[in-house]
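Asker: Predicted structure and sequence below. I'll ask about it afterward.
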Amino acid sequence: MNKQDLVMQVADKVQLSQRKSDEVISTILDSIMKSVSKGSKVTLVGFGTFTPRKRRERRGRNPKTGQEITIPASTVPAFSAGKQFKQTVHRK
């Protein structure tokens, strides 16, 4: 499923136009991304939790040359599925 499929499903389910449905979904996703980028945790009970995760600086290798390089520290988004989400996936 891609975003357009989701927009169509939501539009059908709640009797909204596809344009309004797309606005709602885009607003939700933007809000989650902004909150996590600011260092906040976003919890959607039953669905899951989005968190920023810090990665330390580490050593790696350039696969082309084999030369050792330093990979800088970074913050990446992480998702942990909620109990209801896990149970729904497990049943299938």
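Answerer: Yep, that arrived.
Asker: so where do the helices sit in this protein?
Answerer: Secondary structure of the chain by DSSP state H: the helices cover 3-14, 18-37, 83-91.
Asker: Distance to residue 72, mean neighbour count and mean pLDDT for those helices - can I get that in JSON lines?
Answerer: Every C-beta, even on glycine, is put in place using the N, C-alpha and C of the backbone. What follows is those, written out as JSON lines (distance: least, CB to CB, whole Å; neighbours: other CB atoms under 10 Å; pLDDT from 0 to 100):
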{"stretch": "helix 3-14", "distance to residue 72": "31", "mean neighbour count": "13", "mean pLDDT": "96"}
{"stretch": "helix 18-37", "distance to residue 72": "18", "mean neighbour count": "13", "mean pLDDT": "97"}
{"stretch": "helix 83-91", "distance to residue 72": "33", "mean neighbour count": "11", "mean pLDDT": "93"}
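Asker: Save these as TSV, and put in distance to residue 66 too.
Answerer: As requested, these are exported to TSV (distance: least, CB to CB, whole Å):
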stretch	distance to residue 66
helix 3-14	40
helix 18-37	35
helix 83-91	40
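Asker: Show me the one of the ones you listed that comes nearest residue 62.
Answerer: Residue 62 sits nearest to helix 18-37 of all those, at 28.7 Å, using CB to CB.
Asker: and the angle for the closest one with helix 3-14?
Answerer: Per axes from the mean of the first three to the mean of the last three CA atoms, to 10 degrees, the angle that helix 18-37 makes with helix 3-14 is 120 degrees.
Asker: Please work out which residues outside helix 18-37 touch it.
Answerer: Residues outside helix 18-37 that contact it (CB atoms under 8 Å, 6 or more residues apart in numbering): 3, 6-8, 10-11, 14, 16, 42, 50-52, 77.
Asker: Tell me the gap between that helix and the middle of its chain.
Answerer: 12 Å (CA atoms, centre = their mean, to the nearest Å).
Asker: Domains in the protein, by residue range?
Answerer: Domain assignment for the chain by automatic domain parsing gives 1-38, 40-92.
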